[in-house]
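K.L.:
Predicted structure and sequence below. I'll ask about it afterward.
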Amino acid sequence: MSYKTIERTTEQLTKEDFASDQMVKWCPGCGNHAILAAVENVFPQIGYKKENFCVVSGIGCSSRFPYYMNTYGFHSIHGRANAIATGVRLFNRGLSVWVPTGDGDSLAIGGNHFIHVIRRNIDLNIMLFNNEIYGLTKGQYSPTSPMGKITKSSPQGTIEHPFTVGELVLGAQGTFFARVIDNKPQFISQVMLEAAKHDGTSIVEILQNCVIFNNGAHKYITDKEVRDNNQLYLEDGKPMLFGKDKEKGIILGNNGLQVVKLGENGITEKDILVHDMKSQNPGIHLMLAKMKPPYFPIALGVIRSVESPTYDQLLDEQIKTAQENPATVKCVDDLLNSGDTWEI
Amino acid sequence: MSYKTIERTTEQLTKEDFASDQMVKWCPGCGNHAILAAVENVFPQIGYKKENFCVVSGIGCSSRFPYYMNTYGFHSIHGRANAIATGVRLFNRGLSVWVPTGDGDSLAIGGNHFIHVIRRNIDLNIMLFNNEIYGLTKGQYSPTSPMGKITKSSPQGTIEHPFTVGELVLGAQGTFFARVIDNKPQFISQVMLEAAKHDGTSIVEILQNCVIFNNGAHKYITDKEVRDNNQLYLEDGKPMLFGKDKEKGIILGNNGLQVVKLGENGITEKDILVHDMKSQNPGIHLMLAKMKPPYFPIALGVIRSVESPTYDQLLDEQIKTAQENPATVKCVDDLLNSGDTWEI
Amino acid sequence: MSTKKQIIERESVVVKFVGDSGDGMQLSGTLFSDTAALAGNDIATFPDFPAEIRAPHNTVAGVSGYQVHIGKETRIIGDKCDVLVAMNPASLKANLKWVKMGGTILTDVDAYDAIALEKAGYTTNPLEDGSLSSYFVVSPNITTMAKETAMQLGMDMKDAARTKNMFCLGMIYYIFSFDLGTPFKLLDKRFKTKKEVAEINKKVMEKGFNFAETLEVFESIYHVTTVELPKGRYRNITGNIATAWGLLAAAERSGRKLFLGSYPITPATDILIELAKHKSLGAKVFQAEDEIAGICSTIGASFAGALACTSTSGPGLSLKTEALGLAVITELPIVVVDVQRGGPSTGLPTKSEQSDLNMALFGRNGEAPCIVVAASSPSDCFYQAFNAAKLAMETMTPCILLTDGYIGQGSELFRIPKVADLPEIHPPLAKPNDPDYKPYRRNPETLVRQWAIPGTEGLRHRIGGLEKSDLDGSVSTDPLNHAKMVNNRRDKVQRLATRVPQQEVFGEESGEILVVSWGGTKGQVQTAVKEMREKGQKISHTHFTNIMPMPSNTEEVLKKFKKILVCELNTGQFVNYLRMTYPHLQFQQYNKVQGLPFTVEELKQAIHNIQ
Amino acid sequence: MSTKKQIIERESVVVKFVGDSGDGMQLSGTLFSDTAALAGNDIATFPDFPAEIRAPHNTVAGVSGYQVHIGKETRIIGDKCDVLVAMNPASLKANLKWVKMGGTILTDVDAYDAIALEKAGYTTNPLEDGSLSSYFVVSPNITTMAKETAMQLGMDMKDAARTKNMFCLGMIYYIFSFDLGTPFKLLDKRFKTKKEVAEINKKVMEKGFNFAETLEVFESIYHVTTVELPKGRYRNITGNIATAWGLLAAAERSGRKLFLGSYPITPATDILIELAKHKSLGAKVFQAEDEIAGICSTIGASFAGALACTSTSGPGLSLKTEALGLAVITELPIVVVDVQRGGPSTGLPTKSEQSDLNMALFGRNGEAPCIVVAASSPSDCFYQAFNAAKLAMETMTPCILLTDGYIGQGSELFRIPKVADLPEIHPPLAKPNDPDYKPYRRNPETLVRQWAIPGTEGLRHRIGGLEKSDLDGSVSTDPLNHAKMVNNRRDKVQRLATRVPQQEVFGEESGEILVVSWGGTKGQVQTAVKEMREKGQKISHTHFTNIMPMPSNTEEVLKKFKKILVCELNTGQFVNYLRMTYPHLQFQQYNKVQGLPFTVEELKQAIHNIQ
Ligand SMILES: Cc1ncc(C[n+]2csc(CCOP(=O)(O)OP(=O)(O)O)c2C)c(N)n1
Ligand SMILES: Cc1ncc(C[n+]2csc(CCOP(=O)(O)OP(=O)(O)O)c2C)c(N)n1
Ligand code: SF4
Ligand code: SF4
Ligand SMILES: [Mg+2]
Ligand SMILES: [Mg+2]
């Protein structure tokens, strides 16, 4: 059952209703352009009144997003978008709140708010543009840069183990996690729609290409030659098959996941693990989120989507309970005169 | 292979070498007293020179720890112990650095440093005193308080999903995670010794009882009547058996872990999952960390301990490489005169 | 009541209850002050918590206290106490310096065993070694007597021993000639669900009262002058509760619901705890993961249309610095309550100080003016919280409300106002579909922009932390635009100077000496000035509540005096602010940085020493 | 060289290269300035980045620039340029206002197509509509010519078109009569691994040079006076690099290895990037997860014995507020570099301002004095970084070094010092097993405590953020101890006033008018004063580098003048600090808050306007 408190529109909205008049200032060729197009496409489909969208961001290239959407928007300070969005959403329950953010913005400086908003399961839609670099400050490594990566601030290569976004989300009690690539706007829109419907915090990790400072970071999964073997599109209730002719699949062994070939060693489609995005057990979702070439394909689509009470909803209920309680104060005059008072 | 750069002692140290002359100011009956005793016991066993121990804490009842140990100590500010300890350890590689911290200190305000220190795998020993409450500020709920908990700041009960410490640690790429209870000092010492030996960040979660503000928070696992059924002591390479007569065990099914009874449905000890704390696959460790009564026993002992390069070690290596490179500058005069310069 | 006693007439009396953290001193104190208030006294109270939750039994570190000032004029807590109730040697040791010479000390001889004496750091027993000869010491076997009474009524030994505070309280009621009717009613109320406990406590209290009467242990009893307060309904209130209520009142009066995003910290936590109780008023309280999330969620809620507030103390305000700048540049109204404590850093969390003023005025990167107001007493916290909310919303600017641990945790009588009598609050809401709406269009008179709340039809817009162009608010790096926006943000705050209440003078409007105070020290400074005036000295006093901006008549007021002495609990932050604001005037300063309030005596000395 | 040209003799000339972000303007600028320096000119440079990484092609938002000042006295960047090299209409549009009347504009007519003109916001073509008639405009088909040349040498079309900046540079070298030998060598060096690219660039440059010579497109050529600099080895250096190197020098000189804990932020990032290159010097650079971890790791490293530093800009300094207080109370030496930018909040990240002074001085909870120094030019950053490290370590106190985006990113000639000639640094290290060691025992003269580094035998101790008792450093809530510690922390900073270099006056030591500046505005203010003095006006100048404390002779210096004008790039933060510190003196102020440096002209006007 969905718990959405946002007023729906009666108009037929289109992409144009959300296009802003601002000049888009991202670098030509930046993956952000396609993401913007995908989001502009999906907003009319969601069905809320156009005034009910609110886009809140921090600082970074990705965080310029609010300027490029015609909605209520807040381009705030580095790392704090999720905390600010928390306030927006908790106070004003009629808003659909979206947080475009970067791997630096939400995983470096904003890491604490990120894990807490997820834990609280506040109904925000977080779009994490993961380009594995700090774009706006011109190319320092980020918490998702692969170990050994040479960047401006790591002339000998980084010596840090990167976060896997999905793992961190699950570790923080995430209820919705999906992963998409910037070069498939339609798929992005589709997944965003799922995210929008989800009650609670939804995280969509977008593998985004920064042409200027980290060009080709995702090449090992996006390149034509490798993509069939290195991408697994998850569908709920469907077996996890991939490869050019869907000839490969994933099974669960005692040591975790394993890639198998249909037909080899007597493996048939029935042996293949069926995706259950609603499983309360995060262990398998974690293993899926962690998969990565060369040994595994990367998992795309909705990895986890489970029902769990949202903070928003529980707060509404507590307020209702409090207001219905005849013993509680009903106005400030009541409050001022409650307890021990005396007349002089 | 261990990578420890800390000078060992030739003296035979004892508990007394680490006892401080400060009055211990925790509440009578607080679980912290037993933890302190356990740590005082374990330090001499570790074998480093006594000057090489450094205890760094934040703020909270637990963070008073440095005052009660005769070591180099730093009682800093709320939430920042892990960041400060990072600086201590990265700069001064001869120190064994310990971080006593609370569920508020490391999981609320200090959450970001916590996940980043873990991700970087810096060689710190973090002791997380989890009393599921803010003790020092007199009883507000913390990020580990169970949902619905009534505290001073949640008169109608909390509406937040708590973190499971182990899950967060794993989500942050943790290499060592263990769990102990404050009422078993010997077991604490034993696990602490493992933690001390580990190369990289070790997290020991200590289920600690705050008698004043959250008395009995862990009763459901520590009470005499339930403890045999609700505690599972993990041993590496051993089957996961528990119960009064070790008559119950854990198996891994397709939907995750399951509790079984030996003898029932033809289950024998051979079917029981064998603990592999060194498994690189965090999925199973995650499921173990998540186990909780009423459906599961809680897992105690070392849940995960895997080898992985530490930041400290990689930094040392990069410095060495840089210094051995004949092309790099060897002193500041070299540097000043490097590149384009000219004489006038 | 025995009549041979000497009766001491007093305008006001200070009683301090001290003991171990677990000894129930806070309960004793509040029962006593409530009783006094109901008997027609003005009251002021101040709790004195130890830094530790429950430090080892019988140690100085574990001493907890509660001070009560009752009588005619209790604007302040009173420097030293007339009566000290000390439950054990450690609490005596820690508090003896606060007892007036000749004052009364009531203590429990049962607590003076060898171990307790040693733990308290005594080498000889002060009850026996003559060291208390300047005081009037009463030291019966309190525990024994209380325990006996309670056990007879069926209480177990441990609980019975803990009724000793009630025994003492009974004795104290006796020497102030208070009737036990009121405390009995208060006990009934407090132990509503535990009737037996209430009964036992009442009995023990009665025993203490009778003991004092029968055995005539006191040489003298006090008659305290009652007050003639303005007619009205009264209650006792702490500054922190008053702050919370003031914010709730402002929410009701402005039609904007309250949002509080906060993280616990001593001594501000009580504001969070109090507001968390009032969901029935629609107040949403968000206990954030840290202070940054506290203020950021507040900024978000403000953007979304709330009366949005965050509460904290020194280290927390430090953490909010960056986000406060965001509120300044986006011109969103938020209230930041800082309950000041001793600094720097963690400093002295349980002590009070006025040393966050600099940070409130100047602690942000860039040119980032906020409104700053400071409350002067526990009940004034109500009005200043209301005021801060009104100023913030009506000016679309963050407002910092400075209180301190001393007034925040202390209490005093509060004449209950009617919400309808409070000033109106008019947030500058933008109208749906207003074709002329621009995010940074300003009211030409006040320079205030409009508040267009997300969800409102036809007002979609974007704001942010980058400098924005005048009117439409899009990002701008234009040099002259920046200069203009910097000025606008400053001027809209400065223009409040004529709208806030004008600065008033207590005493002559001109003359030789003007004493200046701000914030929580008003009571002591006013008392000192008053006492000196009563002795015929021509000294005036002005007290600042509006700090940024200061009222527009400030220079007028100040320049009429030859000498100006600024008194504050820091090394001179306000006096320096006055110096920079009124560079043609000369100021002298008197400062104390001990984590303690001023005493009237030291203030009088300082005024006397003016050059 | 053709001889019929008019030769313009100049003491100094300003050239500005502007174009799209991808047009290689920074390369053009540095090649030109290095060549000029090697030819014996003094130089100063300043890059002007757009806020966007690579905003849309041909838009004003995407214009990137690099300004070079060469000649005899280039202390400053120069207000307006003599020569503007503009690669497209947008860059012309954005920069025309900075060209001197009658100045030369070199631009590429190939770039003026209809789309580009429209994107730049031109309705008519400025090359044709007569709007540039007050300038000397040269607009050949630069792209065409450059492309042709490069393609002939085998380059593909896209890369070939990008050599247009070299073509322009060749033309510019011609009008300054520079030999191409130097730039050729510089190109060889830069493209060490891509020899062919170097060759092609050289050829295109030559083509440009020859084109200018042969076709006599310029009416006049410049002769710029070279300088007589003190003998020595020189290099060009930016303020950020100089800061990094100054810290490294201090590490070497003090025997304490360098640790930098930092988080990237514009415009301070280059310090982090530069230091990350120097692991061979043992410098450890930790890119933290945020600014708080940046400063906290720094504090940890300081406790562990490092010369520990953190670098940031405004919003980052805001975030470091709380931890800075910890460094103050624990009395650990750290250096905090703040490369100021336009505020408040995110503000104007790519612009420069002096508006973080208030925060540096006052932005912490409680009484928390830090040492504050401010660098006055790119090369001075080296000395002040060294100085900040020395002061911090020798005083066991955090030191904030203020630079700004303007001097941090700008460059100038730097006479290379010998490390051995720099002052000695003596950190107050405690001796192993010193029986008298106490963490808060102080040197009675300087009030500085000792640094006992973990790992040292016999010195185990604990420090922390709670107030600590004098000498032994254990936690103390004692009122008088607190007062004493507050004073100690203040006094140990104040006592530096006699140890830092005394304040100097440029011009007469007393008289009518003293102009005061601090930090990065020294060049402009000094030039303005100098120019007015050259016209016979009696005006003196004093510039502040040591801000907290100010040198002990400051009041002496100031009070000898009738009128004091304080000039700064904010609304008056330093002047207010002077007012509070020297309340008996009167100050006037001149302020600019446009994200831009002062121009000499406006300063002269302001001095002229003094009342
Ligand atoms: C408090 C603060 N610290 C640092 C910065 C500088 N800064 C701006 S964006 C950014 C990182 C951007 O990386 P990411 O979030 O991954 O966004 P991207 O540009 O890659 O989309 C940094 C470090 C800042 N603006 N504010
Ligand atoms: C910046 C800052 N914020 C808040 C506080 C107040 N504070 C001190 S300890 C604490 C929480 C303590 O909880 P925890 O870390 O779980 O430790 P415990 O006392 O339970 O051992 C808080 C909120 C502070 N000292 N500093
Ligand atoms: S720098 Fe990278 S992330 Fe930023 S706009 Fe350019 S391509 Fe995109
Ligand atoms: S408050 Fe709780 S955690 Fe703190 S010392 Fe007391 S019992 Fe221990
Ligand atoms: Mg990024
Ligand atoms: Mg806790």
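P.N.:
Now that the structure is in, tell me what you want to look at. Ligands and ions are numbered 1, 2, ... in the order given.

K.L.:
what's the pLDDT at the residue of the stretch 101-250 of chain A found nearest chain B?
P.N.:
Closest residue of the stretch 101-250 of chain A to chain B, CB to the nearest CB: residue A:171 (1.6 Å). In short, each C-beta sits where N, CA and C put it, glycine included. What the model reports for residue A:171 is a pLDDT of 97.

K.L.:
OK, contacts around the residue lying closest to it once chain neighbours are set aside?
P.N.:
Distance criterion CB to CB, 6 or more residues apart in numbering or on different chains; nearest residue to residue A:171, sequence neighbours excluded, is residue B:171 at 1.6 Å. By CB atoms under 8 Å, 6 or more residues apart in numbering or on different chains, the residues touching residue B:171 are A:167-172, A:286, B:115.

K.L.:
Let me see the contact set for residue C:253.
P.N.:
Residues counted as contacts of residue C:253 (CB under 8 Å, 6+ apart) are C:386, C:390, C:419, C:422-425.

K.L.:
Quickly find the element holding it.
P.N.:
In this assignment (DSSP states H and E), residue C:253 forms part of helix C:239-254.

K.L.:
next one: residue C:92
P.N.:
If you go by DSSP H and E, residue C:92 is part of helix C:89-95.

K.L.:
Averaged pLDDT, that helix. What do you get?
P.N.:
94.

K.L.:
Show me which of the contacts of residue B:171 is closest to ligand 5.
P.N.:
Checking these against ligand 5 with CB to the ion, the nearest one is residue A:168 at 15.3 Å.

K.L.:
Now do the closest one, the pLDDT please.
P.N.:
Looking at residue A:168, its pLDDT reads 98.

K.L.:
Please identify which helix or strand holds it.
P.N.:
Judged by DSSP H and E, residue A:168 forms part of helix A:165-171.

K.L.:
That helix and ligand 5 in contact?
P.N.:
No - using CB under 5 Å from the ion, helix A:165-171 stays clear of ligand 5, with a minimum separation of 11.7 Å.

K.L.:
Downstream of that helix, the next helix or strand is which one?
P.N.:
Assigned by DSSP H and E, the successor of helix A:165-171 is strand A:176-181.

K.L.:
list the buried ones in that following strand?
P.N.:
A:176-181 (16 or more other CB atoms under 10 Å in any protein chain shown).

K.L.:
That strand pairs with which strands?
P.N.:
strand A:202-207 (parallel), strand A:298-305 (antiparallel) (DSSP bridges).

K.L.:
Tell me which of these is the most buried.
P.N.:
A comparison of the strands paired with strand A:176-181 by mean neighbour count, using mean count of other CB atoms under 10 Å in any protein chain shown, puts strand A:202-207 on top with a mean of 26.

K.L.:
Next secondary structure after it?
P.N.:
Downstream of strand A:202-207, the first helix or strand assigned by DSSP H and E is helix A:219-222.

K.L.:
which residues are contacting the next helix-or-strand element following that next one?
P.N.:
Proceeding N to C from helix A:219-222, the next assigned helix or strand is helix A:224-230, under DSSP H and E. Contacts to helix A:224-230, defined as CB under 8 Å, 6+ apart, come from residues A:220-221, A:242-244, A:248, A:293, A:297-298.

K.L.:
In the chain, where is pLDDT below threshold?
P.N.:
In the absence of a named chain, chain A is used. Low-confidence segments of chain A (pLDDT under 70): A:1.

K.L.:
meant chain C, my bad for not saying
P.N.:
For chain C (pLDDT under 70), the answer is C:1-5, C:51, C:74-78.

K.L.:
domain assignment for it?
P.N.:
Domain segmentation of chain C under automatic domain parsing yields C:6-224, C:235-421, C:428-499, C:511-608.

K.L.:
Output these in CSV; the columns should cover distance to residue A:71.
P.N.:
Formatted as CSV, the domains of chain C follow (distance: least, CB to CB, whole Å):
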stretch, distance to residue A:71
domain C:6-224, 48
domain C:235-421, 13
domain C:428-499, 6
domain C:511-608, 35
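
K.L.:
How about the secondary structure of residue C:320?
P.N.:
Secondary structure for residue C:320, judged by DSSP: H, G, I helix; E, B strand; the rest coil, is helix.

K.L.:
any idea how far it is from ligand 2?
P.N.:
10 Å (CB to the nearest ligand atom, to the nearest Å).

K.L.:
give me the element the nearest residue to that residue once chain neighbours are set aside is part of.
P.N.:
Computed as CB to CB, 6+ apart, the closest residue to residue C:320 that is not its neighbour in sequence is residue C:295, at 4.3 Å. Assigned by DSSP H and E, residue C:295 falls within helix C:291-303.

K.L.:
In chain C, which residue sits closest to ligand 1?
P.N.:
residue C:322 (6.1 Å; CB to the nearest ligand atom).

K.L.:
Can you name the residues that contact the residue nearest to that residue when sequence neighbours are not counted?
P.N.:
Using CB to CB, 6+ apart and skipping the chain neighbours, the partner closest in space to residue C:322 is residue D:318 (3.7 Å). Taking CB under 8 Å, 6+ apart, we find residue D:318 in contact with C:321-322, C:325, C:363-365, D:359, D:363.

K.L.:
ranges for the helices of chain A?
P.N.:
A:32-46, A:81-91, A:103-104, A:111-120, A:165-171, A:185-197, A:219-222, A:224-230, A:282-290, A:311-324, A:332-336 (DSSP state H).

K.L.:
ok, the fourth one near chain D or not?
P.N.:
What it means is helix A:111-120. Yes - part of helix A:111-120 sits near chain D under the criterion CB under 8 Å from any CB of the partner chain, namely residue A:111.

K.L.:
close to ligand 1, is that helix?
P.N.:
No - using CB under 6 Å from any ligand atom, helix A:111-120 never reaches ligand 1; the gap is at least 11.2 Å.

K.L.:
packing partners for that helix?
P.N.:
The helices and strands touching helix A:111-120, judged by 3 or more CB pairs under 8 Å, 6 or more residues apart in numbering or on different chains; DSSP states H and E, are helix A:81-91, strand A:124-130, helix A:165-171, helix B:111-120, helix C:291-303.

K.L.:
try it again with 6 Å
P.N.:
Packing partners of helix A:111-120 (3 or more CB pairs under 6 Å, 6 or more residues apart in numbering or on different chains; DSSP states H and E): helix A:81-91, helix B:111-120.

K.L.:
Indicate which one of those is closest to residue D:118.
P.N.:
With CB to CB, the closest approach to residue D:118 among the helices and strands packed on helix A:111-120 belongs to helix A:81-91: 34.9 Å.

K.L.:
can you count the residues close to residue A:307?
P.N.:
Residue A:307: 15 surrounding residues under other CB atoms under 10 Å in any protein chain shown.

K.L.:
ah, wrong one, I meant residue A:322
P.N.:
For residue A:322, the neighbour count with other CB under 10 Å is 20.

K.L.:
so it makes contact with residue C:281?
P.N.:
No - the criterion here is CB atoms under 6 Å, and residue A:322 misses it with residue C:281 at 8.5 Å.

K.L.:
In terms of helix, strand or coil, where does the spatially most central residue of chain C fall?
P.N.:
Computing the C-alpha centroid of chain C and ranking residues by CA atoms, centre = their mean puts residue C:407 first, at 1.7 Å. What three-state DSSP gives for residue C:407 is helix.

K.L.:
quick one: it and residue C:378 touch, right?
P.N.:
Yes - assessed by CB under 6 Å, residue C:407 is found in contact with residue C:378 at 5.2 Å.

K.L.:
joint contacts of the two?
P.N.:
Common contacts of residue C:407 and residue C:378 (CB atoms under 6 Å, 6 or more residues apart in numbering or on different chains): residue C:239.

K.L.:
so residue C:167 touches residue C:208, yeah?
P.N.:
Yes - applying CB under 6 Å, one finds residue C:167 in contact with residue C:208, separated by 3.8 Å.

K.L.:
Make CSV from the helices and strands packed on helix A:111-120 and add mean neighbour count to it.
P.N.:
Formatted as CSV, those follow (neighbours: other CB atoms under 10 Å in any protein chain shown):
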stretch, mean neighbour count
helix A:81-91, 31
helix B:111-120, 29
